[in-house]
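1. Got a predicted structure plus its sequence, pasted below:
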Amino acid sequence: MANPPNVREPEVRESAARSAAQPRPGTRRGLAEARERVRAVATTEPGRLWIVGTVVAVLVVAFGAVTAWEVSDRAAAADDVVSRSQPLSADAASIYRSLADADTAAAGGFLAGGQEPLDVRKRYDTDIATASRLLVKAAANTTGSAESTQQIATLNEQLPLYNGLVEQARANNRQGFPVGGAYLRFANQKMSTSLLPAAQKLYEAETGRLYDDYDQADTWPYAATVLGLVALGGLVWVQRRNYLRTNRVFNHGLLAATAASTVVMLWLVVGHAVAASDLSASRAHGQESLKVLNDARISSLQARANENLTLVARGAVLTKDGKDLYEASFTRDMSTLASRLGAAKDLADDTAGKEPVTAAKADMDAWQKRHTAARRTDDSGDYDGALSQVIAAKGSTGECFDQVDQQLDSAIAHEQRQFTAAASDGRGALAGLPVGAAVLAVLAAAGAGVGISRRLAEYR
């Protein structure tokens with residue numbers, strides 16, 4: 001026969017659960033006693049002093065810790081501006097320039113005939129080698145950017161194909177085969193539609209990361225500032241309270257804590273303000289100028305490549321409205337170059353920056369006039385005469401292009417020096433602040449503790 005069910009079992013379990021959830025009498029008594037002790041301490045002057053001292057010490061330590069953390073974050077961003085993101089942006093611009101210049105040199109060498117001039121061939125080889133080297137460097141240093149990684153992969157894949165097409169064009173040109181021009185046009189198409197767009201996207205991605213680093217380095221340390229004001233206010237209040245109760249003007253420990261906290265606060269405000277000012281100067285008068293100058297140099301390279309291809313194609317490639325495609329592209333590139341040179345001159349803030357840009361504009365105007373004369377010669381049927389006006393060592397459009405490129409290179413070097421100097425000063429303004437803030441905060445907390453301890457000793 002089965003045992004009868006225990007009808008009281010659920011009630012027993014419920015009662016046990018309630019008992020477990022309720023604190024034991026001993027525990028309740030312990031908590032109540034602790035609360036009474038805290039209340040008793042808070043009602044006495046020594047107890048209040050101990051609480052006040054503890055709160056002030058915690059505030060001072062928190063101020064130092066948050067200052068060290070926020071300033072370290074901004075110092076790292078400033079260091080990235082100088083040593084990582086801006087060099088990567090400059091390398092990306094150099095990759096674009098090297099590729100565009102290689103395309104220009106390839107077209108120039110083709111126009112010279114089967115025997116390509118040694119200096120032109122060397123220029124092309126140097127440009128390809130430079131682009132390849134910088135791509136390896138970018139791949140090694142570009143981390144955390146999917147866009148940059150993708151564009152570097154595209155460039156590494158397409159560059160050998162482009163180089164192979166140029167070699168095919170050269171081989172056919174040496175043998176006098178007209179198909180060499182088709183290979184060169186195909187190579188230029190690959191450069192224009194694959195390589196240069198990828199290089200442009202890489203440049204934009206790295207420049208975007210540079211501006212992100214600028215923004216991070218410029219952000220004001222609000223949390224540290226607020227904590228610093230609260231900590232200083234607490235220290236002043238404690239000393240005023242001490243004065244009202246004892247008529248003693250100074251407490252050496254609290255005075256030392258206030259002095260140390262004030263130093264940290266001033267160091268934080270002045271250091272970050274100087275750093276932000278220098279970084280802003282490097283951005284406005286360095287990086288922005290560099291961006292415009294690099295864009296201007298790219299426009300000049302594209303214009304030169306299209307000018308050469310105008311003679312290579314001889315009207316074989318037309319726009320939708322029946323105009324020579326390369327001549328139309330040349331006109332557009334020269335207009336863009338003029339606009340960018342004007343912007344670069346406006347951004348230059350000293351004579352050393354304005355002079356090469358002004359000289360480049362004069363060389364561009366001479367280039368435009370010589371190009372117009374060469375087109376008239378070509379249109380009249382004198383191809384050899386037009387060729388001489390474009391690629392000859394003296395008195396040609398090529399001479400003007402080289403002068404424009406040299407002047408832009410000089411302007412870029414000047415702006416790069418300005419950027420490096422200003423950005424390095426901005427980074428230096430934050431040097432030592434994280435460690436200094438932490439050390440001074442500990443000293444301030446110790447001073448506050450000593451000052452409160454001296455007061456507590458008077459009650460013994």
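-> Ah, there it is. Numbers count the residues shown, from 1 in each chain.

2. and after whatever helix or strand residue 302 lives in, which helix or strand comes next?
-> Using DSSP states H and E, the element containing residue 302 is helix 288-313. Of the helices and strands lying after helix 288-313 in sequence (DSSP H and E), the nearest is helix 325-347.

3. quick one: that following helix to helix 288-313, angle?
-> Counting by axes from the mean of the first three to the mean of the last three Cα atoms, to 10 degrees, helix 325-347 lies at 160 degrees to helix 288-313.

4. Does helix 325-347 pack against any helices or strands, and if so which?
-> helix 288-313, helix 351-379 (3 or more Cβ pairs under 8 Å, 6 or more residues apart in numbering; DSSP states H and E). Every C-beta, even on glycine, is put in place using the N, C-alpha and C of the backbone.

5. What are the buried residues along it?
-> 325-327, 329-331, 333-334, 336-338, 340-341, 343-345, 347 (16 or more other Cβ atoms under 10 Å).

6. quick one: low-confidence ranges for the stretch 301-450 of the chain?
-> Under the criterion pLDDT under 70, no range of the stretch 301-450 of the chain is flagged.

7. Could you check how many residues crowd around the closest residue to residue 180 other than its chain neighbours?
-> Nearest non-adjacent residue to residue 180, counting by Cβ to Cβ, 6 or more residues apart in numbering: residue 172, 3.3 Å away. By the criterion of other Cβ atoms under 10 Å, residue 172 has 19 neighbours.

8. Which helix or strand contains residue 172?
-> helix 146-174.

9. So for that helix, mean pLDDT?
-> Throughout helix 146-174, pLDDT has a mean value of 91.

10. what comes up buried for that helix?
-> 148-149, 151-152, 154-155, 158-159, 162-163, 165-166, 168-170, 172-173.

11. now swap in stretch 410-423 and tell me
-> 410-412, 414-416, 418-419, 422-423.

12. gap between it and the chain center?
-> Centre-to-centre, stretch 410-423 and its host chain are 15 Å apart (Cα atoms, centre = their mean, to the nearest Å).

13. List the neighbours of that stretch that are in contact with it.
-> 78, 81-82, 86, 90, 278-279, 281-282, 285-287, 289-290, 293-294, 297, 344, 348, 352-353, 356-357, 360 (Cβ atoms under 8 Å, 6 or more residues apart in numbering).

14. For ChimeraX, write a command that selects the buried ones of the residues you listed.
-> Those of those that count as buried under 16+ other Cβ under 10 Å are selected in ChimeraX with:
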select :78,81,82,86,90,278,279,281,282,285,286,287,289,290,293,294,297,344,348,353,356,357,360
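
15. hang on, the earlier thing: just say which of the helices and strands packed on helix 325-347 is most tucked in.
-> helix 288-313 (a mean of 25; mean count of other Cβ atoms under 10 Å).

16. tell me what it is packed against?
-> Using 3+ Cβ pairs under 8 Å, 6+ apart, helix 288-313 sits against helix 86-111, helix 179-190, helix 325-347, helix 351-379, helix 383-391, helix 397-429.

17. okay, the angle between that helix and helix 397-429?
-> Using the same axes, to 10 degrees: helix 288-313 against helix 397-429 is 160 degrees.

18. quick one, helix 288-313 and helix 86-111 angle?
-> Going by the same axes, to 10 degrees, helix 288-313 makes 20 degrees with helix 86-111.

19. how distant is helix 288-313 from the center of its chain?
-> 25 Å.

20. follow-up on the earlier one: residues contacting the residue nearest to residue 180?
-> 178-180, 183.

21. do the same with residue 209
-> 85, 88-89, 145.

22. and it, what element?
-> Per DSSP H and E: helix 196-218 holds residue 209.

23. Tell me the buried residues in that helix?
-> Result for helix 196-218 [16+ other Cβ under 10 Å]: buried residues 196, 198-203, 205-207, 209-210, 213-214, 217-218.

24. how far is the helix or strand sitting right after that helix along the chain from where the chain is centred?
-> Next helix or strand after helix 196-218 toward the C-terminus (DSSP H and E): helix 222-246. On the basis of Cα atoms, centre = their mean, helix 222-246 is displaced by 39 Å from the centre of the chain it belongs to.

25. got the buried residues for helix 222-246?
-> 224-225, 227-228, 231-232, 234-235, 238-239, 242.

26. swap in stretch 122-142?
-> So for stretch 122-142, counting by 16+ other Cβ under 10 Å, buried means 123-124, 127-128, 130-132, 134-135, 138, 142.

27. ok, and what's touching that stretch?
-> By Cβ under 8 Å, 6+ apart, stretch 122-142 touches 84, 88, 91-92, 94-95, 98-99, 101-102, 105-106, 109, 148-149, 152, 155-156, 159, 163, 166, 202, 206.

28. That one: how far from the chain's middle?
-> From the chain centre to the centre of stretch 122-142 is a distance of 21 Å (Cα atoms, centre = their mean).

29. do the same with stretch 359-379
-> 38 Å.

30. hmm, who's touching that stretch?
-> 296, 300, 307, 310-311, 327, 330, 334, 337-338, 341-342, 345, 385-386, 389-390, 395-397, 400-401, 403-404, 407-408, 411.

31. Pick out the residue nearest the middle of this protein.
-> residue 210 (1.2 Å; Cα atoms, centre = their mean).
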